[in-house]
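Asker: Sequence and predicted model, in that order:
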Protein chains: 2
Amino acid sequence: MLAIFNLTAKAFKPAANIQAKHFYVFRQHEERTVGKVIVVQKYGGSSVANTDKILSVAKRVKKAAENAKVVVVVSAMGDTTDDLLTMAKALCKYPNGREMDKLLATGEQASSALLTMALHELGQPAISLTGGQAGIITENKPGNARIQSVDPQHIKEELNGGNVVVIAGFQGITDNVTWADITTLGRGGSDTTAVALAAALSADKCEIYTDVDGVFTADPRLVPAARKLSSISYEEMLEMADLGASVMHSRAVELAEIHGVNITVAHSVREVPGTMITREDQNMEVKNSVRGIAHDTDVAKITVTSVPDQPGIAYKIFHALAKNGISVDVIVQNISLEGVVDLSFTVNLSDLARAQAVLAPVIKEIGARNITSSSNLAKVSIVGTAISSRPGYADKMFGALADAGINIASITTSEIRITCLIDKANVQKAVQALHAAFELEKA
Amino acid sequence: MLAIFNLTAKAFKPAANIQAKHFYVFRQHEERTVGKVIVVQKYGGSSVANTDKILSVAKRVKKAAENAKVVVVVSAMGDTTDDLLTMAKALCKYPNGREMDKLLATGEQASSALLTMALHELGQPAISLTGGQAGIITENKPGNARIQSVDPQHIKEELNGGNVVVIAGFQGITDNVTWADITTLGRGGSDTTAVALAAALSADKCEIYTDVDGVFTADPRLVPAARKLSSISYEEMLEMADLGASVMHSRAVELAEIHGVNITVAHSVREVPGTMITREDQNMEVKNSVRGIAHDTDVAKITVTSVPDQPGIAYKIFHALAKNGISVDVIVQNISLEGVVDLSFTVNLSDLARAQAVLAPVIKEIGARNITSSSNLAKVSIVGTAISSRPGYADKMFGALADAGINIASITTSEIRITCLIDKANVQKAVQALHAAFELEKA
């Protein structure tokens, strides 16, 4: 148990002194005997969708292995996960989580073995490991397990033996025994595997290969002039990810921030530089502190009308939603009139029906009139470090939207973003207007 | 380690006194507290080829679970294994055995999870286990690993907890640690898993469900009058299996014989009684001691001509073949003439090219003239307990073939069979003639 790197949900921190010491010894040994850096590479499902693509990935991995010890994390091939889900749903209305995890985990186990075979064919020594074999222990929460610890000893041994180590992403086991259950990590699982391994191995690089070239100043499908960023801070990336930029799951970015893992996001085939996600530093492109325009069309607005204006009422509403795992954003309460107020907020579109069901009894209890909802809305945001402390940006944002004839339904801000709720039909116009107003096409 | 049941290749026997004692205690406990028998059922790939078929299997399992503790062993769905093999071959000319095992093992892991979900949908408590989770430890011989031990503790706990336990067939792990390698058992692997578990659990029944109704007196496709046997001895079944009756792999039958596991072979959908494979006993249908007519068309005959008639020459030939894992049958040596003999023998058709390559240098070394081969041959056999000790059967066999105008190229016998090598074109005629001569259509 010497080499366990603790990643519990409670405290994402290196576990103990013995841990730090062990890492120190290991890294010293590395530099003395082999002198190669450790690189973790992650390839998503579309990058390994068929045998031709697996071979392309193998060539890229082999090249990386010339100058580094390489750990590869792979997702399941293309539509494998969806196909397995379809079969499960055909057999069972509410499939058991444990069995579903076991079923889905086969996808990554298969792709890791196939990629390893492709590496062998290229003459590259390699070995595949399941999540369990790689020492990834998770909590026992099927379908959405968080990594509790990583024991990288087995990976290290294989790296020291000259192997590229190919890990089945998205999975772990619940305990360090052979009859432990297989778990999956849920959304963003393979990204999370890669970051957790990079942290546990003190890897020098963590590279996420995907089907986009990196993180852009806006969605290039909406804004042709959008520019790829060479770097972005964790915080900015989190805001971008939460607001709909689908490059990386925010969970993996959070884990990277906590452990100080620098991530490079790049295209899995095109050999062009990607975007580095890292701590904010002086070398970053900070001339313009608005870094990007994010948008999110999966938005529903809920309004609870005629809520008695009494202490504790808002708590009852939002506590009920939180208890059911429904995230709420952009909360607006109008001015009290005759002892009642209207309370509006947004939820993810996919949570709308559930939110209405959860709130129905609460409405009765608190004596509000009713619930109305709208799904014709979208969020557009400007994202950039310390944006909220510079009033000029909010001013410029509202002005640009007004000039484009776009009405703002509500506004929220965080330290590093300002978000406006607008009509869904105006999203492209809004993103283009804001991109131009902040001159994001310029480096 | 209390409950390990030793199945090493060297000695297929219960491991130790502590083992027997444990089993005793366990069975006592069973009978006292629950009183249900333990049944192991195995379903092959064609029985779980799609979700509809999986649901049918689930219904059958649920019915069995009304009166028994049920352990189910499943193969991979339909063509899954072939599909995975095709991908592997596309990526790598000579895929690594460890990686291949890991790839193929996903097929059974997936089908076991899916069958478990189907059982849940029917309201039947169930849990799936991989080979490793089920306590199946094998030797580290990828692609063809033999089971070394089974620790049935985990299965027993789940059975006692009221679950049907669905085991991924065909697989095990190399050691009792989480980073142990996944192995597959090779041909007949799922049958072998079922028999090994039945032995380790001291199961009351071991049922192999397949796409035939049982073991017949001859191949029903060749002999419409062929009759299903209600029981057959292990020895007879082994001769039938080795000679081409594809109902069960002989490896699993051997294991069953060693451990005294009674196997029932039956159709996975049609609810008709199958065939029990068991020890010979007085209740078996022994009026006619010829039980069946087996045939095998995958036969090649090799003749080494002008072999010097000296001691040790035959050894050199057959040792070379044995060393390369090539089984030899029906050996005939003609009478020495001028100090040389011709030596003929048969091999499996798929081994012919390899046998010729292996023998080429041996021929030179011993000074024989050359090697000729023929693949136009087939074997037909009569199989029945103690057949060779009753000369009347051989007489009747040769007479029936003669009456049908079929020439016999060579003859071999064992304790329980007489085999004739004949022209491949005459197989159906021969099997029909023999089936009629021994009146096997009559019960």
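Answerer: In hand now; what should we look at?
Asker: use CA for all of it now, contacts and neighbours both
Answerer: Will do.
Asker: what's near enough to touch residue A:417?
Answerer: Neighbour list for residue A:417: A:239, A:381, A:382, A:383, A:384, A:385, A:387, A:388 [criterion: CA atoms under 8 Å, 6 or more residues apart in numbering or on different chains].
Asker: Mind checking which of the residues you listed land in strands?
Answerer: A:381, A:382, A:383 (DSSP state E).
Asker: Out of the residues you listed, which is nearest to residue B:212?
Answerer: Of all the ones in strands among the contacts of residue A:417, residue A:381 has the smallest distance to residue B:212: 65.5 Å, by CA to CA.
Asker: measure the residue nearest to the closest one when sequence neighbours are not counted to residue A:297 for me?
Answerer: Nearest non-adjacent residue to residue A:381, counting by CA to CA, 6 or more residues apart in numbering or on different chains: residue A:419, 4.2 Å away. Distance, residue A:419 to residue A:297, by CA to CA, to the nearest Å: 13 Å.
Asker: Which residue of the two possesses the greater neighbour count?
Answerer: The neighbour count for residue A:419 versus residue A:297, taken as other CA atoms under 10 Å in any protein chain shown, is higher for residue A:419 (24 against 21).
Asker: which SS state does that one fall under?
Answerer: Put simply, residue A:419 is strand when judged by DSSP: H, G, I helix; E, B strand; the rest coil.
Asker: Overlap in contacts, residue A:419 and residue A:297.
Answerer: By CA under 8 Å, 6+ apart, the residues touching both residue A:419 and residue A:297 are residue A:379.
Asker: Tell me which stretches of the stretch 251-400 of chain A form helices.
Answerer: Listed in chain order, the helices of the stretch 251-400 of chain A (DSSP state H, counting those that start in this stretch) span A:313-323, A:352-366, A:391-403.
Asker: which other residues reach the first one?
Answerer: With CA under 8 Å, 6+ apart as the contact definition, helix A:313-323 has outside contacts at A:307, A:327, A:328, A:355, A:358, A:359, A:362, A:366.
Asker: Find the residue closest to the fourth one in space, skipping its chain neighbours.
Answerer: So the one you mean is residue A:355. Leaving aside its chain neighbours, residue A:355 sits nearest to residue A:321 (6.6 Å; criterion: CA to CA, 6+ apart).
Asker: now whichever residue of the stretch 201-350 of chain A sits closest to chain B, nearest residue through space, not along the chain?
Answerer: In the stretch 201-350 of chain A, no residue comes nearer to chain B than residue A:201, which is 17.4 Å away by CA to the nearest CA. Counting by CA to CA, 6+ apart, residue A:201 lies nearest to residue A:152, which is 6.5 Å off, once chain neighbours are set aside.
Asker: Need phi/psi at that neighbour.
Answerer: Backbone torsions for residue A:152, taken as degrees, to the nearest 10, come to phi -80, psi 10.
Asker: Was I right to think it contacts residue A:199?
Answerer: No: using CA atoms under 8 Å, residue A:152 makes no contact with residue A:199, being 10.0 Å away.
Asker: higher neighbour count, the two?
Answerer: The residue with more neighbours, out of residue A:152 and residue A:199, is residue A:199; 27 against 21, by other CA under 10 Å.
Asker: The more buried one looks like it's in a helix, true?
Answerer: Yes: counting by three-state DSSP, residue A:199 is located in a helix.
Asker: which ones are touching it?
Answerer: A:256, A:259, A:260, A:261.
Asker: With adjacent residues omitted, what lies nearest to the last one?
Answerer: Meaning residue A:261. The spatial neighbour of residue A:261 that comes closest, neighbours along the chain excluded (CA to CA, 6+ apart), is residue A:199 at 6.4 Å.
Asker: got any ranges where chain A has weak pLDDT?
Answerer: By pLDDT under 70, the weakly predicted segments of chain A are A:1-35, A:243-245, A:281-288.
Asker: Around chain B, which positions in it sit nearby?
Answerer: A:51, A:55, A:87-88, A:90-93, A:95-96, A:99-100, A:102-104, A:106-107, A:109-111, A:113-114, A:116-118, A:120-121, A:127-128, A:132-135, A:154, A:176-180 (CA under 8 Å from any CA of the partner chain).
Asker: Filter those down to the buried ones, ChimeraX style.
Answerer: The following ChimeraX line selects those of the residues of chain A next to chain B that are buried, judged by 16 or more other CA atoms under 10 Å in any protein chain shown:
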select /A:51,55,88,90,91,92,95,96,99,100,102,103,104,106,107,109,110,111,113,114,116,117,118,120,121,127,128,132,133,134,135,154,176,178,179,180
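Asker: number of nearby residues for residue A:50?
Answerer: By other CA under 10 Å, the residues close to residue A:50 number 14.
Asker: Correct me if wrong: it contacts residue A:76.
Answerer: No: contact between residue A:50 and residue A:76 fails when scored by CA under 8 Å: they sit 10.4 Å apart.
Asker: Quickly list the domain ranges of chain A.
Answerer: As assigned by automatic domain parsing, chain A contains the domains A:5-211, A:292-437.
Asker: For the ones you listed, give me a markdown table that also has distance to residue B:396.
Answerer: Listed next are the domains of chain A as a markdown table, based on distance: least, CA to CA, whole Å:
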| stretch | distance to residue B:396 |
| --- | --- |
| domain A:5-211 | 55 |
| domain A:292-437 | 78 |
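Asker: Quick one: closest of the ones you listed to residue B:46.
Answerer: Comparing the domains of chain A against residue B:46 with CA to CA, the closest turns out to be domain A:5-211 (16.4 Å).
Asker: Surely residue A:117 touches residue B:92?
Answerer: Yes: at 5.9 Å, residue A:117 counts as touching residue B:92 under the criterion of CA under 8 Å.
Asker: Can you give me the buried ones in stretch A:149-165?
Answerer: The neighbour-count check on stretch A:149-165 (16+ other CA under 10 Å) flags A:149-156, A:158-159, A:162-165 as buried.
Asker: on that earlier part again, so the residue nearest to residue A:381 makes contact with residue A:380?
Answerer: Yes: between residue A:419 and residue A:380 there is a contact under CA under 8 Å: 5.6 Å.
Asker: What's the separation between residue A:208 and residue B:213?
Answerer: Per CA to CA, residue A:208 is found 54 Å from residue B:213.
Asker: So for the two, which residue has more residues nearby?
Answerer: Neighbour count, other CA under 10 Å: between residue A:208 and residue B:213, residue A:208 has more, with 28 against 21.
Asker: hang on, isn't that one packed against residue A:262?
Answerer: No: taking contacts as CA under 8 Å, residue A:208 lies outside contact range of residue A:262: 10.6 Å.
Asker: circling back: if any of the ones in strands among the contacts of residue A:417 are buried, put those into a ChimeraX selection.
Answerer: Selection of buried members from the ones in strands among the contacts of residue A:417 for ChimeraX, criterion 16+ other CA under 10 Å:
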select /A:381,382,383
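Asker: Among the ones in strands among the contacts of residue A:417, which one lies nearest to residue B:68?
Answerer: Nearest to residue B:68 among these is residue A:381, at 62.2 Å by CA to CA.
Asker: which other helices and strands contact the longest helix along chain A?
Answerer: If you go by DSSP state H, chain A has its longest helix at helix A:97-121. With contacts taken as 3 or more CA pairs under 8 Å, 6 or more residues apart in numbering or on different chains; DSSP states H and E, helix A:97-121 sits against helix A:51-65, strand A:68-74, helix A:80-91, strand A:126-129, strand A:164-168, strand A:182-184, helix B:80-91, helix B:97-121.
Asker: Paired strands for the second one, with orientation please.
Answerer: Just to be clear, that refers to strand A:68-74. Strand pairing for strand A:68-74, using DSSP bridges, gives strand A:37-43 (parallel), strand A:164-168 (parallel).
Asker: which of those strands sits most buried?
Answerer: Here the criterion is mean neighbour count by mean count of other CA atoms under 10 Å in any protein chain shown, and of these the winner is strand A:164-168, at a mean of 29.
Asker: Using CSV, list the CA coordinates for it.
Answerer: The C-alpha coordinates for strand A:164-168 follow below in CSV (Å, rounded to 0.1, in the frame of the first residue of the first chain):
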residue,chain,number,x,y,z
VAL,A,164,3.7,1.4,-23.3
VAL,A,165,0.8,0.9,-20.9
VAL,A,166,-2.7,1.0,-22.4
ILE,A,167,-5.4,1.6,-19.7
ALA,A,168,-9.1,1.0,-20.2
